[in-house]
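>>> just coords:
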């Protein structure tokens, strides 16, 4: 009987996929509402430039816990049962969503309270990223892993489509509804995570120095130039091209489509990304993966520029969809390279470093976009960011020729020739 080629042939992966799907819908429903509430509350008493800065602060509040905890969370994911980390995190997110629902129900939501919850969510995400991200390679064979990564991306992107639209429409009906639905979905995700059975994994040496083990993750990434180039490319490209952070401003003041329209704008990148992820789930990428990733990041920057200049809702949605598709293309290549080229004993720590870079690009990108918007205006901030992403792509092709030379996802045999591999022993 031939070996299964679909990740859904494996029971525990199906539960992981369900957990990721439910939690992603919940997260994205909350993200769109939190952004709208922060900007809307701030605009009641502040000028647009100051309100834009307050919106950008959400990114800093969520990024700081990750920046502080990166070494600890990566080491924890390699030392502690990754399933239990995911379970505790999802239950914590259930409590955070419940708190926001209660405040919305009572009409007591304030900017300060939202910042506190955002910081809590930042802590949970810091632990969730390396632990849950490193679970998939333990649940499916290596040859099925690229399809599993693509399928996980489908869960993420479908959640990114359904979540913002759901959040926007529910918020238009009642301010407490999106948070209540998110609370239920986080709880469903926690139950699915609890259904995953124990998985085999490479254990860390418990007699070794924990601090030294934490530093090993950073050292591995620094010495493996392919991994470093892939991670840092995403960091700087998305850091500069943070158009999504400006969506509340575009929805309220530029395109004037309101909260429900904001949900559609937030969902548009995920539509393009989901279609790309579905394509990869059935037609895995095989050749010239590095060059194609670089081209995709350049397309991401170009679509960002197009969105920044657009004044038509339909054109804006199209640019956002292209932006999401290009971003998904680069994410798929990057995640596949990192997961396949990294030994299991290092995946938590390398995943934590990757999560730091990703969060740096997303949360700090929001702060950077908010600051630029307060100084130059939102349109100029978005256009300059897109041009910056294109520039980074060209520069990284020269700084990291390893990316250009990456033809396939296949690493050297048994990973013995990977730079820094001696650190994982």
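Arrived safely. The model shown is predicted, which means the values in this text are computed figures rather than measured ones.
>>> Could you give the number of residues near the residue nearest to residue 115 when sequence neighbours are not counted?
The shortest distance from residue 115 to any non-neighbouring residue, by Cβ to Cβ, 6 or more residues apart in numbering, is to residue 61 (5.0 Å). In this view, the C-beta of every residue, glycine as well, is placed from N, C-alpha and C. Using other Cβ atoms under 10 Å, residue 61 has 20 neighbouring residues.
>>> so for the host helix or strand of residue 61, what's the average pLDDT?
Using DSSP states H and E, residue 61 sits in helix 48-79. Helix 48-79 carries an average pLDDT of 78.
>>> other SSEs contacting that helix?
In terms of contacts (3 or more Cβ pairs under 8 Å, 6 or more residues apart in numbering; DSSP states H and E), helix 48-79 is packed against helix 11-43, helix 111-133, helix 210-223, helix 247-249, helix 344-359, helix 365-376.
>>> Please state the offset of the fourth one from the chain centre?
Chain-centre distance of helix 247-249: 19 Å, with Cα atoms, centre = their mean, to the nearest Å.
>>> Going toward the C-terminus from it, what's the next helix or strand?
That would be, after helix 247-249 and using DSSP H and E, helix 258-282.
>>> Which strands and helices lie in contact with whatever helix or strand comes next after that following helix?
Next helix or strand after helix 258-282 toward the C-terminus (DSSP H and E): helix 289-309. Secondary-structure packing of helix 289-309 (3+ Cβ pairs under 8 Å, 6+ apart): helix 225-240, helix 313-341, helix 378-399, helix 401-405.
>>> Can you lay out those as a markdown table showing mean neighbour count, distance to residue 247 and mean pLDDT?
Listed next are the helices and strands packed on helix 289-309 as a markdown table, based on neighbours: other Cβ atoms under 10 Å; distance: least, Cβ to Cβ, whole Å; pLDDT from 0 to 100:
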| stretch | mean neighbour count | distance to residue 247 | mean pLDDT |
| --- | --- | --- | --- |
| helix 225-240 | 23 | 15 | 78 |
| helix 313-341 | 23 | 8 | 85 |
| helix 378-399 | 20 | 10 | 89 |
| helix 401-405 | 16 | 30 | 85 |
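>>> Can you check which of those helices gets nearest to residue 141?
Residue 141 lies closest to helix 313-341 among those, at 11.9 Å (Cβ to Cβ).
>>> Excluding sequence neighbours, find me the nearest residue to residue 397.
With sequence-adjacent residues excluded and distances taken as Cβ to Cβ, 6+ apart, residue 397 is closest to residue 294, at 5.4 Å.
>>> Could you list the low-pLDDT ranges of the stretch 1-150 of the chain?
For the stretch 1-150 of the chain, residues meeting the criterion pLDDT under 70 lie at 1-2.
>>> same thing but 50
Within the stretch 1-150 of the chain, no range satisfies pLDDT under 50.
>>> I'd like to check the angle between whatever helix or strand comes next after the helix holding residue 61 and helix 11-43, please.
Using DSSP H and E, the helix or strand that follows helix 48-79 towards the C-terminus is helix 82-106. Angle of helix 82-106 versus helix 11-43, following axes from the mean of the first three to the mean of the last three Cα atoms, to 10 degrees, is 30 degrees.
>>> Which strands or helices does helix 82-106 pack on?
helix 11-43, helix 111-133, helix 177-194.
>>> looking at those helices, which is closest to residue 231?
Closest among those, once you apply Cβ to Cβ, is helix 111-133, at 12.7 Å.
>>> Show me what that closest one is packed up against.
Using 3+ Cβ pairs under 8 Å, 6+ apart: helix 111-133 touches helix 11-43, helix 48-79, helix 82-106, helix 344-359.
>>> is it true that residue 153 touches residue 277?
Yes - counting by Cβ atoms under 8 Å, residue 153 touches residue 277, with 3.9 Å between them.
>>> between those two, what contacts are shared?
328, 332 (Cβ atoms under 8 Å, 6 or more residues apart in numbering).
>>> and residue 171, which of the helices and strands packed on helix 289-309 is closest to it?
helix 313-341 (19.2 Å).
>>> how far is the closest one from where the chain is centred?
Worked out by Cα atoms, centre = their mean, helix 313-341 lies 11 Å from the chain centre.
>>> same check, this time on stretch 105-123
Its chain's C-alpha centre and that of stretch 105-123 lie 21 Å apart, by Cα atoms, centre = their mean.
>>> buried set for it?
Within stretch 105-123, the residues that qualify as buried by neighbour count (16 or more other Cβ atoms under 10 Å) are 109, 114, 115, 117, 118, 119, 120, 121, 122, 123.
>>> One more: stretch 44-61?
Of all the residues in stretch 44-61, those buried under the rule 16+ other Cβ under 10 Å are 48, 51, 52, 53, 54, 55, 56, 57, 58, 59, 60, 61.
>>> ok, now how distant is residue 199 from residue 20?
Residue 199 is 16 Å from residue 20, where distance means Cβ to Cβ, to the nearest Å.
>>> Likewise for residue 32?
According to Cβ to Cβ, residue 32 and residue 20 sit 19 Å apart.
>>> hang on, the earlier thing: the more surrounded of residue 153 and residue 277?
residue 277 (26 against 23).
>>> So the more buried one versus residue 386, what's the distance?
23 Å.
>>> swap in residue 40?
Applying Cβ to Cβ to residue 40 and residue 386 gives a distance of 26 Å.
>>> try residue 303
Relative to residue 386, and taking Cβ to Cβ, residue 303 is found at 7 Å.
>>> Ok, residue 191 next?
Look at residue 191 and residue 386: by Cβ to Cβ, they are 41 Å apart.
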